[in-house]
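K.L.:
predicted model, plus sequence, below.
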Amino acid sequence: MIPMVDLKRQYQDLKEEIDAAISNVLEETRFILGPNVNALEGEIAAYHDLSYAVGVANGTDALLLALRACDIKEGDEVITTPFTFIATAEVIALLKAKPVFVDICSDTYNIDTSQIAGKITSRTKAIIPVHLFGHPADMDPIMETAKKHNLKVIEDCAQAFGAKYKGKKVGSIGDIGCFSFFPSKNLAGYGDGGMVITKNKETAEQVKMLRNHGSSKRYHHHQVGHNSRLDEIQAAIIRVKLKKIDQFNKARRLNAAAYCDAIKSKNTILPVGASGCEHVYHQFTIRAKNRDFLADALQKKDISSAVYYPVPLHQQEVFLKLYNYSDKLPQSEKCSREVLSLPMFPELKLEEIRLIADVINSVF
Ligand SMILES: *Cc1c(COP(=O)(O)O)cnc(C)c1O
């Protein structure tokens, strides 16, 4: 059986260090906003060459607190992609603002920047590009449009820790970068976790306050906040893995190259890396017209595959009930019907990749 992600392999490799890190937290007993959260914030800020990083409870809260720090509220509009995990747009709706969806480019699966300007209104306040599957969104035109219309840019980097756009790490280009440490992400804990990064001091202070009940001094509360702190045990685990993240991402790129070498079928479209982009392959996603048939064939050989994502967000029941979307977003709809993600993780073996490719080649 080849799973989408095998977390056991990485744990076996890092067991000694991880167990020691957890055990240290238990000995220290500083469980909430302790020394590991503080150290990880410094290390992740430095990794991105920024001054500020604030740990939060999960990636969804990272986005939510980032939007609140940008003062997004009822009646505002936020431009984003419909081809992403629900969390990206859910947080906009939670604040009673409206997600405005712009179609994607079918080669990178990221927002089609040429269509953003056409969706800007007097209510537009921000853009959330998503670096989907680990491939950076095209940030230059996004930043240019944002500057021209005075919009905030919040990067959803949940799937792209360590990816680079024209030499810069994703998350360090817009006003705010948001990360998730959900167990299957490229940099991950063994539970929920998230991080907000920014070059702006006030934004960092806002998020720090919001994650801790709207308070900067104990029992003095300035605004309605959240309980959304990064857990100390997760921070200790993530610190061990952060030291190896570039190595892990490199292994993912090598695995992707091996897949591209081995898949010969002309009926599948392989993922691309746009020029100037360093992809970190959170997912290895191919496209095929008879995607479901292919998924069945893989399943028969005990190989997992997954559809990210089967329903684009402008067609999700939850949003159709809240907003009357009528726009057709043909690329997103087509990709939802054709994408198939294959097993991908740093420890995936070459012989496993070859086996998977053989099944794909023989199906078509
Ligand atoms: C995982 C993910 C999130 C949410 O992160 P959680 O930590 O699960 O809350 C947000 N956006 C994208 C694109 C994701 O993949």
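P.N.:
Received it, and whenever you're ready, just let me know what you need. Residues are numbered from 1 along each chain as shown.

K.L.:
only C-alpha atoms from now on, for both contacts and neighbour counts.
P.N.:
Noted.

K.L.:
which residues touch the residue most central in space within the chain?
P.N.:
Nearest residue to the geometric centre of the chain (CA atoms, centre = their mean): Ala158, 2.0 Å. For Ala158, the contacting residues are Gly59, His131, Cys178, Phe179, Ser180, Phe181, Lys185, by CA atoms under 8 Å, 6 or more residues apart in numbering.

K.L.:
next, give me the two most distant ones among these.
P.N.:
Spatial extent of these (CA to CA) is set by the pair His131 and Phe181 at 15.2 Å.

K.L.:
just to check, Lys169 is in contact with Cys157?
P.N.:
No: applying CA atoms under 8 Å, one finds Lys169 not in contact with Cys157, separated by 9.9 Å.

K.L.:
which one of the two is surrounded by more residues?
P.N.:
Cys157 (31 against 20; other CA atoms under 10 Å).

K.L.:
thinking again about what came up before, host element of the residue nearest to the centre of the chain?
P.N.:
Following DSSP states H and E, there is no helix or strand that holds Ala158.

K.L.:
assumed Leu210 was part of a helix.
P.N.:
Yes: when DSSP: H, G, I helix; E, B strand; the rest coil is applied, Leu210 is found to be in a helix.

K.L.:
residue contacts, it?
P.N.:
Leu210 neighbours (CA under 8 Å, 6+ apart): Leu65, Gln223, Val224, Gly225, His226, Ser228.

K.L.:
just the buried residues out of those residues, in PyMOL syntax.
P.N.:
Buried subset of those, written as a PyMOL selection, criterion 16 or more other CA atoms under 10 Å:
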select buried, resi 65+225+226+228
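
K.L.:
check the gap between Leu350 and Leu254 for me.
P.N.:
Distance, Leu350 to Leu254, using CA to CA, to the nearest Å: 10 Å.

K.L.:
what touches both of the two?
P.N.:
What both Leu350 and Leu254 touch, as defined by CA under 8 Å, 6+ apart, is an empty set.

K.L.:
what's the separation between the residue in the stretch 251-364 of the chain that the ligand sits nearest to and Lys166?
P.N.:
Minimum separation of the stretch 251-364 of the chain from the ligand (CA to the nearest ligand atom) falls at His282, amounting to 9.0 Å. To Lys166, His282 is 19 Å away according to CA to CA.

K.L.:
check Ser215 too.
P.N.:
38 Å.

K.L.:
same question for Phe364.
P.N.:
37 Å.

K.L.:
same check on Leu63?
P.N.:
24 Å.

K.L.:
so between these two, which is more surrounded?
P.N.:
Neighbours per residue (other CA under 10 Å) separate Leu63 from Lys166, with Leu63 holding more: 32 against 14.

K.L.:
pretty sure Ala204 contacts Val56?
P.N.:
No: between Ala204 and Val56 there is no contact under CA under 8 Å: 11.7 Å.

K.L.:
can you map out the strands along the stretch 201-350 of the chain?
P.N.:
All strands of the stretch 201-350 of the chain, identified by DSSP state E, counting those that start in this stretch, fall at 215-217, 220-221, 268-269, 277-278, 284-288, 339-342.

K.L.:
relative to Ile303, which of the ones you listed is closest?
P.N.:
Nearest of the strands of the stretch 201-350 of the chain (CA to CA): strand 339-342, 8.6 Å.

K.L.:
can you give me the buried ones in that closest one?
P.N.:
Here strand 339-342 shows Val339, Leu340, Ser341, Leu342 as buried, counting by 16+ other CA under 10 Å.

K.L.:
the residue lying closest to the last one once chain neighbours are set aside: neighbour count?
P.N.:
Looking back up the chat, that one is Leu342. Take Leu342 and drop its neighbours on the chain: the residue closest to it by CA to CA, 6 or more residues apart in numbering is Ser305, 4.9 Å away. For Ser305, the neighbour count with other CA under 10 Å is 20.

K.L.:
again with Arg211
P.N.:
Other residues close to Arg211 by other CA under 10 Å number 23.

K.L.:
got the contact list for it?
P.N.:
Val56, Leu65, Gly225, His226, Asn227, Ser228, Arg229.

K.L.:
can you do 7 Å?
P.N.:
Residues near Arg211 by CA atoms under 7 Å, 6 or more residues apart in numbering: Val56, Gly225, His226, Asn227, Ser228, Arg229.
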